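[1] predicted structure and sequence below. I'll ask about it afterward.
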Amino acid sequence: MSDQKYKIPVCAGVVTYNPDISMLSGNIAALRTQVDEIFIFDNGSKNAQDLEQLKNKYTLEIKYCDANLGISRALNELCETAEQKGYGWIVTMDQDSICDSNMVYYLLKYSDNEKYGIIAPRVEFRSDRELILSTKNTEKETVSINACITSGSLTNLKAWKQIGGFDEWMFIDHVDNEFCTNLRVHGYEIIRVNSAVMYQRAGEMHYLDLPFGKKLLLPYYSPFRNYYICRNTVFYLRKYKNHINFRHELLTFIYAQTVKILFELKRISSIKSTYRGVIDGFKKNIE
């Protein structure tokens, strides 16, 4: 534990799926001194046995699954474990995220306000080579935001339970946006603490060279991943059309898919996954 004084006990939950053990070890090492306990939910990793070396090194509690149940199911399992152990807040982390040395401390400074559903850090997205994107740093210590990624988020377990947790149908992609919007619909607030910093490894990226020395950054997604992006985006837009900037969200989705189809090397499989995802997104009933 860090020698900094906490207002409340706090735990962390990490979702793993075929993790880079070296990178995950760095993640846990940075996190271990800031929280009371760390729980891991492994989503059917092929190298799950390698997690045992980390379990013994860092005194972790690990739950193993035989198959990939999805990020939303994993997050619900972690939150349920934390709640059963008496925690009121949990820091949820990805396997490829590393928190700054005082991240949790700065987040916890605002945990006495039960209106906050999530207290999030400032995030720097990095590739193996460079900084890709960073959430905007402002002169204000805290900023009210509409949504954040789940990694690094200090989540209010009372709020998590009240809204029914993470939507397990979504499986992967847009899970964080749906959860954040659902929190706000139920009257909770989400804030970002600018003094709290987390470093997030960006997904696989490549650059397209444009005229005049310009470059277009293109994220690479497999057809499997693209299917869920499209399916869940359509579902999310339909479900929360009266609670979000619908036009902006729709145009962003259309732009991203258009760029992908135009410049993706495997266009046919990309188009097929987009089509199937959009159709299935419309088929899902809105409760």
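    Great, that's in hand.
[2] low-confidence stretches in the chain?
    For the chain, the stretches with pLDDT under 70 are 1-7, 126-138, 202-220.
[3] which residue ranges form the strands in it?
    Counting by DSSP state E, the chain has strands at residues 11-16, 37-42, 61-64, 89-94, 97-99, 116-126, 131-134, 142-144, 153-156, 189-201, 205-209, 215-219.
[4] would you turn those strands into JSON lines with distance to residue 232 and mean neighbour count?
    All C-beta spots, glycine's among them, are computed from the backbone N, C-alpha and C. Output for the strands of the chain, formatted as JSON lines (distance: least, CB to CB, whole Å; neighbours: other CB atoms under 10 Å):
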{"stretch": "strand 11-16", "distance to residue 232": "17", "mean neighbour count": "25"}
{"stretch": "strand 37-42", "distance to residue 232": "20", "mean neighbour count": "22"}
{"stretch": "strand 61-64", "distance to residue 232": "25", "mean neighbour count": "14"}
{"stretch": "strand 89-94", "distance to residue 232": "18", "mean neighbour count": "26"}
{"stretch": "strand 97-99", "distance to residue 232": "21", "mean neighbour count": "24"}
{"stretch": "strand 116-126", "distance to residue 232": "19", "mean neighbour count": "23"}
{"stretch": "strand 131-134", "distance to residue 232": "21", "mean neighbour count": "13"}
{"stretch": "strand 142-144", "distance to residue 232": "25", "mean neighbour count": "15"}
{"stretch": "strand 153-156", "distance to residue 232": "19", "mean neighbour count": "25"}
{"stretch": "strand 189-201", "distance to residue 232": "19", "mean neighbour count": "21"}
{"stretch": "strand 205-209", "distance to residue 232": "21", "mean neighbour count": "12"}
{"stretch": "strand 215-219", "distance to residue 232": "16", "mean neighbour count": "13"}
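[5] so which residues of the chain form helices?
    21-32, 51-58, 71-84, 103-108, 157-162, 175-185, 223-239, 246-263, 267-283 (DSSP state H).
[6] quick one: buried residues of the fifth one?
    So the one you mean is helix 157-162. By neighbour count on 16 or more other CB atoms under 10 Å, the buried set for helix 157-162 is 157, 159, 160.
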